[in-house]
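Sequence isn't available, so here's the structure alone:
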């Protein structure tokens, strides 16, 4: 029953969930401080349905609240560090204000600071509002003036006005709107930043990104402005990721709509561009371990940049990425990156190595990972069709798959593993510079020597014609030889093997080719009978080593090692009828003969010994050492007298006559 | 053989206690259930503060249906769940506690139960599943819990599920009585084989 899957699917009643939301509007908050995390979704609404803030306990919706406008961001944070901790605040961003809810009740409304309107735009509006000018011609000329100004610097009222057709514009002006003095900033995104502690109930301040490229840090209790910074070139933020503590040191990484990611640090008045991307950014994620930034772009790439903004690696995704989340799995010691693709897959990467792919049957519009309920590792997926899917990471899940993920991830940080320059390396480099010519000559000389050795080896093989495996038609024939014996007579057993499964061989013969003065082969030519398929035949043959007539053990001892070389080689040729060249050849190195096996020559000593026996009627038994001139041991035996009757009768002439 | 004889047979084995292991996810109410099972009901459990999360294991004793139980409760935290298999292999019975008011984690509970049962191999110790917190308004019916735990797929193990509430003590007696009965019959059949 072992469940080997990494993810456990939670059954969700899908009939009434009709969610339409964006990644910035989904957050998990411990609403009642009972360690039971709720899923808060700022629903944009669909059609006539108003925007709502929905609260999910597990997969079940427990509450909802109608929102006054389309939510632009939902975050949860604690605003005071009393004990017991207060219920968390929920901040929801609307067009130009942020509503703060506490215990699901509206607690505070924060309005963004207003901006001075451009004088030119103000003038145009003054003229537009003037009832004298309410004619289509004048309006169109004024509208053209408005259009000539950069669109993004116009107030929202002007932008809306420009999108109307001339009749609607006239109608709008006849309602006599108020003259424009201020321009309201618009919220684009929200984030939180811990004040002075990373603990769970630690106080966080709210960060608001605006349409004019401002990033505003708010005090957690009074909601007054603590810090304000402008992004370089008024780039418009749409996602902010914070790391660090406000009172110590922090980094705010901001993804902008202008294909660049900006960085904002403590006490910076202007956010600097960290890096630019080729295509529009879909989402960013910051790795907590090394502050590297993951970016998914519309050109189907996922790219990792270092904390300094240097591009580390980039991978091409198979489909368009939709959403991204980081999955910090503490007990596995890994932070994975989950990327939802338009193909309906969710891919998990560790570094740039893909560790897992989850098929979700639907396009995910939002992917979040975190604690939900009492379960720490829950993957929350809101699909484009409005369903909510929950997947729980199995306790036994393991991402150390043999995908060599760790290897690739390590290579990502440091692309080349170059060791430090050692002293040895520096000395060698200096030598190479100083004596380049000698080194080159030496190298060429060694190369020539190597070629010579190779040529010698080739010549040797050629002269021995050593090929014991056949070619062409005779490929399945193998020839091998085995030598038995101590010498001077050896038994050479030849084995001819036919490895073909379906063909027999006829007309083969074996010929021994030996140095005539060194060896004598008793049967130098063997005719081989039919060799049936996949069988082998053995041919034992006697080979005798020949020694010159006058040899002495001392001489033999010395010459045994010298017996090697060409003289001790026996060449065995396998012949085929009708062929001029042998089919196979094997060379056999004969072993040296053990000198003890040689017949002992009769020395002078033994001659004397026979004489002694005759003279004294006693036998001396001598232990002789081969090659030694005097006996090693001697024993004397007194022989009893022989009975004369027992003597063999000498052959006399008489007996010959008798025959 | 009458019930009394069976009982005497059982008691004839001496004052031996049946070891039962109590498992379940963290915050499912294992400690509270054991507290409610104590024979002399002290102050109503609902008024007592909830016990702190168990770290490691905790021993407890209770008697039900003429059987004396020695219960080992193992912490249900993610880190402690690896210990479950060891305790299960040494136990004569398993009480598995499920939080019926937490539908999200039923799937985790199922996966852990399957892991434990798979680790037991061919052992046939009875399994009592208690759908705890059934007095809560959002609690699932115990049959729904059984379905979510895929208990119908559990084979070779006699099992029983009943709704329980550690706070009120409801359902506990029924479940433990079943467990005692089951243990007695298996004991008697084992005696009969000798």
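Okay, I see it. In this text, all values refer to a predicted model and were calculated from it rather than measured experimentally.

alpha carbons only for contacts and neighbour counts from here, please
Noted.

Relative to chain A, how far out is the nearest residue to residue B:140 once chain neighbours are set aside?
Leaving aside its chain neighbours, residue B:140 sits nearest to residue B:100 (5.3 Å; criterion: CA to CA, 6 or more residues apart in numbering or on different chains). Counting by CA to the nearest CA, to the nearest Å, the gap from residue B:100 to chain A is 13 Å.

Low-confidence ranges, the chain, go.
Going with chain A. Counting by pLDDT under 70, chain A has low-confidence residues at A:1-4, A:13-15, A:176-181, A:400-417, A:463-473, A:548-567, A:594-622, A:624-632, A:636-645, A:647-659.

you looked at the wrong chain, it should be chain B
For chain B, applying pLDDT under 70 flags the ranges B:1-16, B:39-48, B:191-194.

circling back to that earlier point, make sure the residue nearest to residue B:140 is actually in contact with residue B:134.
Yes: here residue B:100 lies in contact with residue B:134, judged by CA atoms under 8 Å, at a distance of 6.1 Å.

what do those two both touch?
Here residue B:100 and residue B:134 share the contacting residues B:140-142, scored by CA atoms under 8 Å, 6 or more residues apart in numbering or on different chains.

I'd like these written out as TSV, with secondary structure and distance to residue A:80 added.
As requested, the shared contacts of residue B:100 and residue B:134 are exported to TSV (DSSP: H, G, I helix; E, B strand; the rest coil; distance: CA to CA, whole Å):
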residue	secondary structure	distance to residue A:80
B:140	coil	37
B:141	coil	40
B:142	helix	42
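
Need those residues in a markdown table (columns: neighbour count and distance to residue A:229).
As requested, these are exported to a markdown table (neighbours: other CA atoms under 10 Å in any protein chain shown; distance: CA to CA, whole Å):
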| residue | neighbour count | distance to residue A:229 |
| --- | --- | --- |
| B:140 | 20 | 52 |
| B:141 | 15 | 55 |
| B:142 | 20 | 57 |
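
Of those residues, just say which sits nearest to chain A.
Ranking these by separation from chain A, with CA to the nearest CA as the measure, puts residue B:140 on top at 12.4 Å.

Can you classify residue 185 as helix, strand or coil?
Picking chain A for this. coil (DSSP: H, G, I helix; E, B strand; the rest coil).

wrong one, I was asking about chain B
helix.

before we move on, what about the one 3 residues further on?
Here residue B:188 is recorded as helix under three-state DSSP.

Next one: it from chain A, what distance?
30 Å.

One more: residue B:178?
Residue B:178 is 25 Å from chain A, where distance means CA to the nearest CA.

How about residues contacting stretch A:315-330?
Contacting residues not belonging to stretch A:315-330 are listed as A:23, A:282-285, A:287, A:296-303, A:334-343, A:352, A:364-370, A:377 [CA under 8 Å, 6+ apart].

Repeat the analysis, applying 7 Å as the threshold.
Contacting residues not belonging to stretch A:315-330 are listed as A:283, A:285, A:296, A:298, A:300-303, A:334-343, A:365-369 [CA atoms under 7 Å, 6 or more residues apart in numbering or on different chains].

coming back round to it: and the shared contacts of residue B:100 and residue B:134 as TSV, adding distance to residue A:448?
Converted to TSV, these look like this (distance: CA to CA, whole Å):
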residue	distance to residue A:448
B:140	88
B:141	90
B:142	88
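
Which residues are in contact with residue A:95?
Contacts of residue A:95 by CA under 7 Å, 6+ apart are A:186-187.

helix, strand or coil for it?
For residue A:95, the secondary structure call by three-state DSSP comes out as coil.

so how far is chain B from it?
Distance of residue A:95 to chain B, given as CA to the nearest CA: 35 Å.

In chain B, what residue lies closest to chain A?
For chain B, the residue positioned closest to chain A under CA to the nearest CA is residue B:104, at a distance of 5.1 Å.

nearest residue to that residue other than its sequence neighbours?
Take residue B:104 and drop its neighbours on the chain: the residue closest to it by CA to CA, 6+ apart is residue A:58, 5.1 Å away.

how many neighbours does the one you found have?
24 (other CA atoms under 10 Å in any protein chain shown).

how does chain A divide into domains?
A:115-183, A:472-597, A:604-658 (automatic domain parsing).

Nearest residue to the middle of chain B?
Compute the mean C-alpha point of chain B, and by CA atoms, centre = their mean the closest residue is residue B:95, 1.5 Å away.

I'd guess residue B:31 is in a helix, am I close?
Yes: under three-state DSSP, residue B:31 falls within a helix.

Let me see the contact set for it.
Listed by CA under 7 Å, 6+ apart, the contact set of residue B:31 reads residue B:51.

Try it again at 6 Å.
When contacts are counted by CA atoms under 6 Å, 6 or more residues apart in numbering or on different chains, residue B:31 is found next to no other residue.

circling back: ok, which of the contacts of stretch A:315-330 also contact chain B?
When CA under 6 Å from any CA of the partner chain is applied, no member of the contacts of stretch A:315-330 is adjacent to chain B.

From those, which land in strands?
In this view, these that belong to strands under DSSP state E are A:283, A:285, A:296, A:301-303, A:334-341, A:365-369.

Now, of the residues you listed, which are buried?
Under a neighbour-count criterion of 16 or more other CA atoms under 10 Å in any protein chain shown, the subset of the ones in strands among the contacts of stretch A:315-330 counted as buried comprises A:283, A:285, A:296, A:301-303, A:334-341, A:365-369.

Run the contact check for stretch B:145-159 versus chain A.
No: remark: stretch B:145-159 sits outside contact range of chain A, by CA under 6 Å from any CA, the gap being at least 8.9 Å.

for residue A:253, what are its contacts?
A:240-241, A:262-263.

Let me have these in CSV, extended by distance to residue B:70.
Converted to CSV, those look like this (distance: CA to CA, whole Å):
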residue, distance to residue B:70
A:240, 56
A:241, 53
A:262, 63
A:263, 61
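
quick one: which two of those residues are the most distant?
Comparing every pair within the contacts of residue A:253 by CA to CA identifies A:241 and A:262 as the most remote, at 10.7 Å.

Now do the contacts for residue A:236.
Counted by CA under 6 Å, 6+ apart, residue A:236 has contacts A:211, A:213, A:256-257.

Mind checking which of the contacts of residue A:253 land in strands?
Counting by DSSP E, the part of the contacts of residue A:253 found in strands is A:240-241, A:262-263.

any idea which of those residues is the one closest to residue B:87?
residue A:241 (45.1 Å).

which one is the closest one nearest to, not counting chain neighbours?
Among residues not flanking residue A:241 along the chain, residue A:253 sits closest, at 5.2 Å (CA to CA, 6+ apart).

so what strands line up beside the helix or strand encompassing that neighbour?
When secondary structure is defined using DSSP states H and E, the element that contains residue A:253 is strand A:249-256. When sheet partners are counted by DSSP bridges, strand A:249-256 sits next to strand A:237-245 (antiparallel), strand A:260-265 (antiparallel).

Reformat those into a markdown table and put mean neighbour count next to each item.
What follows is the strands paired with strand A:249-256, written out as a markdown table (neighbours: other CA atoms under 10 Å in any protein chain shown):
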| stretch | mean neighbour count |
| --- | --- |
| strand A:237-245 | 22 |
| strand A:260-265 | 22 |
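
of all those, which lies closest to residue B:179?
Distances from residue B:179 to each of those were compared by CA to CA, and the smallest falls on strand A:237-245, at 53.9 Å.

got a list of what residue A:302 touches?
A:295-296, A:314-315.

Then residue A:187?
The neighbours of residue A:187, taking CA under 6 Å, 6+ apart as the test, are A:95-96, A:209-210.

change it to 10 Å
When contacts are counted by CA atoms under 10 Å, 6 or more residues apart in numbering or on different chains, residue A:187 is found next to A:71-73, A:93-98, A:111-112, A:208-215, A:237-238.

How about residue B:182?
So, once contact is read as CA under 10 Å, 6+ apart, residue B:182 ends up touching B:93, B:125-127, B:158-159, B:176, B:188.

possible to save those as JSON lines with secondary structure and neighbour count?
Formatted as JSON lines, the entries for the contacts of residue B:182 read as follows, by DSSP: H, G, I helix; E, B strand; the rest coil; neighbours: other CA atoms under 10 Å in any protein chain shown:
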{"residue": "B:93", "secondary structure": "strand", "neighbour count": "24"}
{"residue": "B:125", "secondary structure": "coil", "neighbour count": "22"}
{"residue": "B:126", "secondary structure": "coil", "neighbour count": "22"}
{"residue": "B:127", "secondary structure": "strand", "neighbour count": "22"}
{"residue": "B:158", "secondary structure": "coil", "neighbour count": "13"}
{"residue": "B:159", "secondary structure": "strand", "neighbour count": "20"}
{"residue": "B:176", "secondary structure": "helix", "neighbour count": "21"}
{"residue": "B:188", "secondary structure": "helix", "neighbour count": "15"}
